[in-house]
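Q: what follows is a protein structure lacking sequence information:
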């Protein structure tokens, strides 16, 4: 007993003495983690025991801690799970009065209390009806009163749990799956719930319950340490926020990291993810074993009946029925067999003499769609010889086979990673393990994203000449994210080293390194650059070099985006990338690039221009466009082409962008060109704007409404900035989240048509309108605009010239970037 606890026992047993002692304990810097949780539980035990004794309890009553409190795992803001147990002989009024004498002091301190008053029979009945109650009672612990009553309840509840396990465990498995679907996987969430998300504290409790059933046991290596790590994080979260919360919100992560003495929030998340991964893997293995055992038990009576019938019944049949059937082993690969629904090592396997065996077993498991057994993975990790460097051809082929298996690759890869085999094969993997990605567009951590990209790439291998290079490039494309600087540049060097290690020759190694270096080239160019500018297409052709590398990059781009998350890929992006690939393929095949200056306006553009010149007012039309896909099945609308023609005048870009924002139309691209009409039609220059837009939700507005609002915006009767300000004020903002400031740069470009300005900012209604107003004030002409939005981040690329159509000098372009940045702040 510490001096603090001894002093508390000698003080008033009321709320004041306990509250003061509790506060002192929580602020003791030298005591944290398990010692503090245990001390807090002891302190609370002593206080509640004193309350119980002071209430003059009747005979046959006891106070019991259950759940987390029963495990003595009290976090600073944990609620108290208490059961007032009585044998039914005491007067009901006396028992109720005893409960009040305990519950009310707890409530007076503002503590959350989960309480019940039951006899052992009632507790047993409730546990049989409510699985959560039964789980809580498995951790029942005596605090005060009749210890024998508590011990008898524990014995009974535990016996019931073991007897009912074949029925209750499938129910528990279903509950866990439902919770995982609802809460997500802790190891991949930017704002995880430390308790309820899959791989969290609730799953750790479930593993204890499964072990208590004696039906199956969880892999214990690292499990206790992982659970302690999550409990420590929850303690720090409670202290940092002063609230009883299990959700590790973004705005709290730095404070929690400081409370734990960690470097930063990323280090915190990485530790939390690592712990969750251990618990998740243990959960998978444990439930697989539970289902295997239950399946075997259900099959045994049928087998006894069948064998007994053949033997003619009686004792002989009984003896025959007691014999175990031979274990069936199905060969899958050299040294690898399938047994009882799992991949295991053959009896003849010799891991200490066969360095390729880990990859061969993993490839066989993934190709068969079977899990690899825990015992097999551990034996491989303990006994397998390291592969020679460079790897032999068989090892390289087995890795490609593993990566090409599709969805079944993931659980096999996780099993290898859980036992450290992946980092043994690919040492640079350690830097990306459990590494968080702060961009909310990303669904996964870096390492899981790499595996998911390989899974997506497996479905695209028919589109490339070298599927092996595609799969390995997919696995390595973000490997540089574990290093400082541009991850594509760092990744190129690492990918070159790893490809050499894996055994690829110089040519293939160079191709993989090029794919990693330029894995973002196609999508960034297609969505942020003017594809009609010959310099854009030529720059991509120069970087890619060959048609084979281009088709590889095309497939890798799609796989990477699909593995990133739903916001990273769309029919629109696919169409833009396919258009760019087609143009670059033409250049690589020796076809000349068209001159955009020589291109005549389309018939529709010319018709609108004539009408605008005749009426002197805006004319517009909306046209839905089909998707342009690499392998089209059914045409799918990717947006709407909005053509606007009006006599050339200042303020057109901000006016059109503002009207579109008011009508909740998302701008994807805009092309502006001046069309000089022949004098026979009527002298004059008309501005033709070709926009690609999409409705945020709902149906498209009518063209007549757009035109009416555009006329009002141009004559000043529609105050667009005020309307957009009202809209922005109505947007909900999350507490504590501050968007980074906008950044405007002059992009490196070889364009001979325009100066390229790149704007990176928080996406908001009317962003392009604000950009257009700033550009109007700077007296530059916008040739085209290209908008790319991922999550809350927008990247708008603008091709601008002087009013006479010439490029901006360097200093003038830098000044324009500064002006734009200041306006957007």
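A: Alright, I've got the coordinates. Bear in mind that the values here come from a model prediction, so they are computed numbers and not experimental data.

Q: what residues sit buried inside the helix or strand where residue 155 lies?
A: Residue 155 is part of helix 147-183 when elements are defined by DSSP states H and E. Residues of helix 147-183 classed as buried by neighbour count (16 or more other CB atoms under 10 Å): 149-150, 153-154, 156-158, 160-161, 165, 168-169, 172-173, 176, 179-180, 183. C-beta here means a position set from N, CA and C on the backbone, and glycine is covered the same way.

Q: report all helices and strands that it contacts.
A: strand 61-65, strand 80-86, helix 120-129, helix 131-137, strand 141-145, helix 201-212, helix 265-310 (3 or more CB pairs under 8 Å, 6 or more residues apart in numbering; DSSP states H and E).

Q: mind listing the helices for the stretch 501-650 of the chain?
A: 506-517, 521-528, 534-544, 547-564, 571-588, 603-615 (DSSP state H, counting those that start in this stretch).

Q: residue 125: which of these is closest?
A: helix 547-564 (49.6 Å; CB to CB).

Q: got the buried residues for the closest one?
A: Neighbour-count burial for helix 547-564, counted by 16+ other CB under 10 Å, picks out 549-564.

Q: same deal with stretch 411-425?
A: 411-419, 421-422, 424-425.

Q: now the end-to-end length of it.
A: 17 Å (CA to CA, to the nearest Å).

Q: any weak-confidence spans in the stretch 451-600 of the chain?
A: Within the stretch 451-600 of the chain, the segments meeting pLDDT under 70 span 597-598.

Q: re the thing from before, so can I have a markdown table of the helices and strands packed on helix 147-183 showing distance to residue 337, mean pLDDT and mean neighbour count?
A: As requested, the helices and strands packed on helix 147-183 are exported to a markdown table (distance: least, CB to CB, whole Å; pLDDT from 0 to 100; neighbours: other CB atoms under 10 Å):
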| stretch | distance to residue 337 | mean pLDDT | mean neighbour count |
| --- | --- | --- | --- |
| strand 61-65 | 48 | 97 | 24 |
| strand 80-86 | 47 | 97 | 23 |
| helix 120-129 | 42 | 96 | 16 |
| helix 131-137 | 37 | 95 | 20 |
| strand 141-145 | 46 | 97 | 21 |
| helix 201-212 | 27 | 96 | 20 |
| helix 265-310 | 16 | 85 | 18 |
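
Q: in a markdown table: those, plus distance to residue 45.
A: Converted to a markdown table, the helices and strands packed on helix 147-183 look like this (distance: least, CB to CB, whole Å):
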| stretch | distance to residue 45 |
| --- | --- |
| strand 61-65 | 7 |
| strand 80-86 | 11 |
| helix 120-129 | 20 |
| helix 131-137 | 17 |
| strand 141-145 | 5 |
| helix 201-212 | 20 |
| helix 265-310 | 28 |
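
Q: and of the ones you listed, who's closest to residue 238?
A: When these are ranked by proximity to residue 238, the top entry is helix 201-212, at 13.0 Å, counting by CB to CB.

Q: what angle sits between that closest one and helix 265-310?
A: Counting by axes from the mean of the first three to the mean of the last three CA atoms, to 10 degrees, helix 201-212 points 30 degrees away from the direction of helix 265-310.

Q: what helices or strands is helix 201-212 leaning on?
A: helix 131-137, helix 147-183, helix 223-241, helix 265-310.

Q: can you rerun that using 10 Å?
A: helix 67-70, helix 131-137, helix 147-183, helix 223-241, helix 265-310 (3 or more CB pairs under 10 Å, 6 or more residues apart in numbering; DSSP states H and E).

Q: and that helix with helix 223-241, angle?
A: Using the same axes, to 10 degrees, helix 201-212 lies at 150 degrees relative to helix 223-241.

Q: distance between helix 201-212 and the chain's centre?
A: 25 Å (CA atoms, centre = their mean, to the nearest Å).

Q: now stretch 585-603
A: 41 Å.

Q: same check, this time on stretch 95-112
A: Centre to centre, stretch against its chain (CA atoms, centre = their mean), the figure for stretch 95-112 is 42 Å.

Q: now do that stretch, average pLDDT.
A: Average pLDDT, stretch 95-112: 95.

Q: can you offset everything so residue one is 34?
A: Understood, numbering begins at 34; the last thing we discussed is stretch 128-145.

Q: would you mark the buried spots in that stretch?
A: Buried residues in stretch 128-145 (16+ other CB under 10 Å): 128, 131-132, 135-136, 138-139, 144.

Q: helix or strand for the nearest residue to residue 401 once chain neighbours are set aside, which one?
A: Once flanking residues are discounted, residue 401 sits nearest to residue 365: 6.0 Å by CB to CB, 6 or more residues apart in numbering. If you go by DSSP H and E, residue 365 is part of strand 363-366.

Q: after that strand, next one along is what?
A: By DSSP H and E, the next helix or strand past strand 363-366 is strand 369-372.

Q: now do that next one, average pLDDT.
A: If you average the pLDDT values across strand 369-372, you get 96.

Q: strands of the stretch 684-833 of the chain, start to end?
A: 698-709, 718-728, 776-779, 788-795, 814-823, 826-834 (DSSP state E, counting those that start in this stretch).

Q: how big is the angle separating the fifth one from helix 580-597?
A: For strand 814-823 and helix 580-597, the angle between their directions (the same axes, to 10 degrees) works out to 60 degrees.

Q: from the chain's centre, how far out does strand 814-823 sit?
A: Between the centre of strand 814-823 and the centre of its chain there are 29 Å (CA atoms, centre = their mean).

Q: listing partners with orientation, what would you give for that strand?
A: Counting by DSSP bridges, the strands paired with strand 814-823 are strand 698-709 (antiparallel), strand 826-834 (antiparallel).

Q: quick one, the last one and helix 554-561 angle?
A: Between strand 826-834 and helix 554-561, the angle comes out at 70 degrees (the same axes, to 10 degrees).

Q: mind checking the pLDDT average for the helix or strand just after strand 826-834?
A: Where DSSP H and E defines the elements, the next helix or strand beyond strand 826-834 is helix 843-857. Helix 843-857 shows a mean pLDDT of 93.

Q: what packs against helix 843-857?
A: Counting contacts by 3+ CB pairs under 10 Å, 6+ apart, helix 843-857 is packed against strand 776-779, strand 788-795, helix 800-810, strand 826-834.

Q: mind listing what's buried along that helix?
A: 846, 849-850, 852-854, 856-857.

Q: and that helix, how far out from the chain's middle?
A: Relative to its chain's centre, helix 843-857 lies at 36 Å (CA atoms, centre = their mean).

Q: what's the angle between that helix and strand 826-834?
A: Helix 843-857 runs at 140 degrees relative to strand 826-834, counting by the same axes, to 10 degrees.

Q: can you give the contact residues for helix 843-857?
A: Helix 843-857 has contacts (CB atoms under 10 Å, 6 or more residues apart in numbering) with 774-780, 788-795, 797, 800, 803-804, 806-808, 810-813, 829, 831, 833, 835, 840-842.

Q: pull out the buried residues from those.
A: With neighbours counted by 16+ other CB under 10 Å, those contain buried members at 775, 777, 779-780, 788-794, 797, 800, 803-804, 806-808, 813, 829, 831, 833, 840-841.

Q: got the helices and strands packed on helix 843-857 as CSV, with distance to residue 388 columns?
A: Shown next, in CSV, are these (distance: least, CB to CB, whole Å):
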stretch, distance to residue 388
strand 776-779, 49
strand 788-795, 47
helix 800-810, 56
strand 826-834, 45
